[in-house]
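1. Generate coordinates for the sequence data below:
(one chain, ligands or ions: 1)
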Amino acid sequence: MRHGETITIDDLDRDPFPHYARLRAEDPVAPVPAANCWFATRWSDVEQIARSPDFTAVSDEAPVNAAFGRPNVLTSEGSVHAALRGGIEPHYRPRQVAGYIEHLVRPIAEAQLAAFRASGSDDLLTGYFEPISALALARSFGFMEVDVPTLRRWFHGLSQGAINFERDPARDAICQAVVTEIEAVARPLLERLARAPDNSPLSHMLHSGMEAGQVRPVEMILPSVKITLLGGMQEPGHGAANLLVGLMQNPDQFAALRADIGLLPQAIDEALRWIAPIGTMMRTALRDTQVNGIPVPEGTPVSCIFASANRDETRWDNAEAFDILRPPKAHMAFGQGAHFCAGKWFAKAQIEVTMRVLIEAFPHLAFAEGPPDFRGWEFRAPTHCRIAL
Ligand code: HEM
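-> Below you'll find the predicted structure:
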């Protein structure tokens, strides 16, 4: 039996990396029936699929379609994709981000740190990283009033839909409850922005590229609003948490970073390479084709596993290890091709401010009870970041 046929969703949730390593070695483009798709696990194959005209992002199988609706920025192409992305992207370009990130994130991080200290909690994941990540995205995107518990409930609920490869009705119900809640907040806000535009990405999603007097229908942008809320609120916080765990598991590297905080940008990239917070991207074969000589039939949904490509031993020495001093090289944690992450610069700059505030506040950091487990394969993060207080 091929290894992919033996893999369960639970295996992947607990620790996908040994399975990815075996697939890379034995069966790099292979069916994984438990996930209702094939997996492509090598760097070169993921790269090829992302650029190939034989594959499309318009994938009927992607869980985000059922969870959030269509059209959405992730599973559209051409002019629809350009229109949906066009409202989001400009606010998150490197020059724009550099102009506002410190001013936006430092006050949020300092307030969260004060709240964390006052709370008596020892978990930096739920008390520091996730709230900063959720608030920074929500405020920058145009949701100015929604509070942290609601935002956290939103991205946890949305993620249940986005990872539902196995089409579990329980996951779907959790996601749909949150979707109803989000729409109840978003619709009146979007209606107001349709009448009175402002400079937020939400407003640009309605107005950008439209003729004077015309507004993009709310139904057309709501699915992409949910996708951006999910990725944008969840991933920077989880990326920061991955980095903290990597550093705490490797005290020499943490000491090197404290001695030279200029290493922070490359440490962030290494954490995202080591454990990609978003592990996969879905593509569908438009015709009978081949990847690396392996036949892939028309209509096959193929999950390109960024998390595996990021540990491809033909690209990195000692790829399984966390090493902030390894020579910098591009990784795939922000995706590949036309759907490359629209929030990459915002995410990296936000993590940098978040980590600086934390490191300045805590001259020593240690786990409360040993290192945490990680969970997930579509989205992967530590289960907690409990520190000794
Ligand atoms: C460390 C944090 C983040 C990581 C690791 C990450 C990762 C990714 C990845 C892998 C994709 C491609 C998914 C695919 O092709 O299926 C993606 C797309 C996207 N990301 Fe991020 N992301 C992060 C933060 C953000 C933030 C803060 C935003 C907010 C603006 C954002 C907005 C988006 C959007 C809108 C897309 C869809 C782009 C498109 O389809 O054209 N992401 N992200």
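
2. Tell me, what's the model's pLDDT at the residue in the chain that the ligand sits nearest to?
-> When Cβ to the nearest ligand atom is the measure, the chain has its nearest residue to the ligand at Gly343, with 2.2 Å between them. Bear in mind the C-beta positions are built from the backbone N, C-alpha and C, glycine included. Model confidence at Gly343, given as pLDDT, is 98.

3. ok, now Ala347?
-> The pLDDT attached to Ala347 in the predicted structure is 98.

4. Ala212 too?
-> Reported pLDDT for Ala212: 88.

5. got the buried residues for stretch 156-170?
-> His156, Gly157, Leu158, Ser159, Gln160, Gly161, Ala162, Ile163, Asn164, Phe165 (16 or more other Cβ atoms under 10 Å).

6. same thing with stretch 36-50?
-> Buried-residue list, stretch 36-50, by 16+ other Cβ under 10 Å: 37-43, 45-50.

7. How about stretch 25-34?
-> Using 16+ other Cβ under 10 Å as the burial criterion, the residues of stretch 25-34 that qualify are Asp27, Pro28, Val29, Ala30, Pro31, Val32, Ala34.

8. Show only the entries of those residues found in strands.
-> The strands, defined by DSSP state E, take in Val29, Ala30, Pro31, Val32 from the buried residues of stretch 25-34.

9. Distance from the helix or strand where Leu358 lies to the middle of the chain?
-> Here Leu358 is covered by helix 344-361, with elements defined by DSSP states H and E. Taking Cα atoms, centre = their mean, to the nearest Å, one finds helix 344-361 lying 16 Å from the centre of the chain it belongs to.

10. ditto for stretch 186-201
-> Distance of stretch 186-201 from its chain centroid, counting by Cα atoms, centre = their mean, is 25 Å.

11. ok, now stretch 147-154?
-> Chain-centre distance of stretch 147-154: 17 Å, with Cα atoms, centre = their mean.

12. what does stretch 191-205 give?
-> In this view, stretch 191-205 has its centroid 25 Å away from the chain centroid, taken as Cα atoms, centre = their mean.

13. Please name the nearest non-neighbouring residue to Glu235.
-> By the measure of Cβ to Cβ, 6 or more residues apart in numbering, the closest residue to Glu235 outside its immediate chain neighbours is Pro277, 4.5 Å from it.

14. Torsion angles phi and psi at that neighbour?
-> Dihedral angles phi and psi of Pro277 (degrees, to the nearest 10) take the values phi -60, psi -30.

15. That one reaches Ala240, doesn't it?
-> No. Using Cβ atoms under 8 Å as the test, Pro277 is too far from Ala240 to be in contact (9.6 Å).

16. Return the residues of the stretch 101-250 of the chain in contact with the ligand.
-> Proximity of the stretch 101-250 of the chain to the ligand is confined to Leu137, Thr228, Gly231, Gly232, Glu235, Pro236, Gly239 under the rule Cβ under 6 Å from any ligand atom.

17. go on, the stretch 251-389 of the chain?
-> Applying Cβ under 6 Å from any ligand atom, one finds that the stretch 251-389 of the chain approaches the ligand through 272, 277-278, 281, 306, 333-335, 339, 341-343, 346-347.

18. can I get these in CSV with neighbour count and secondary structure?
-> Listed next are those as CSV, based on neighbours: other Cβ atoms under 10 Å; DSSP: H, G, I helix; E, B strand; the rest coil:
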residue, neighbour count, secondary structure
Leu272, 28, helix
Pro277, 26, coil
Ile278, 24, strand
Met281, 24, strand
Phe306, 24, helix
Ala333, 26, coil
Phe334, 21, coil
Gly335, 20, coil
His339, 18, helix
Cys341, 17, coil
Ala342, 27, coil
Gly343, 23, coil
Phe346, 25, helix
Ala347, 28, helix
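
19. so where do the strands sit in the stretch 201-350 of the chain?
-> With DSSP state E, counting those that start in this stretch as the definition, the stretch 201-350 of the chain shows strands at residue ranges 280-285, 289-291, 294-296, 301-305.

20. Rebuild these as JSON lines, extending it with mean pLDDT and distance to Ile174.
-> Conversion of these to JSON lines gives the following (pLDDT from 0 to 100; distance: least, Cβ to Cβ, whole Å):
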{"stretch": "strand 280-285", "mean pLDDT": "95", "distance to Ile174": "20"}
{"stretch": "strand 289-291", "mean pLDDT": "98", "distance to Ile174": "34"}
{"stretch": "strand 294-296", "mean pLDDT": "98", "distance to Ile174": "33"}
{"stretch": "strand 301-305", "mean pLDDT": "97", "distance to Ile174": "22"}
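
21. Of those strands, give the one that comes closest to Ile387.
-> strand 280-285 (30.4 Å; Cβ to Cβ).

22. May I have the closest one as PDB, with CA atoms only?
-> These are the backbone C-alpha positions of strand 280-285, laid out as PDB (Å, rounded to 0.1, in the frame of the first residue of the first chain):
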ATOM      1  CA  THR A 280      -1.000  23.900   2.200                       C
ATOM      2  CA  MET A 281      -2.500  25.400  -1.000                       C
ATOM      3  CA  MET A 282      -5.000  23.700  -3.200                       C
ATOM      4  CA  ARG A 283      -4.800  23.400  -7.000                       C
ATOM      5  CA  THR A 284      -6.800  21.300  -9.500                       C
ATOM      6  CA  ALA A 285      -5.400  19.700 -12.600                       C
END
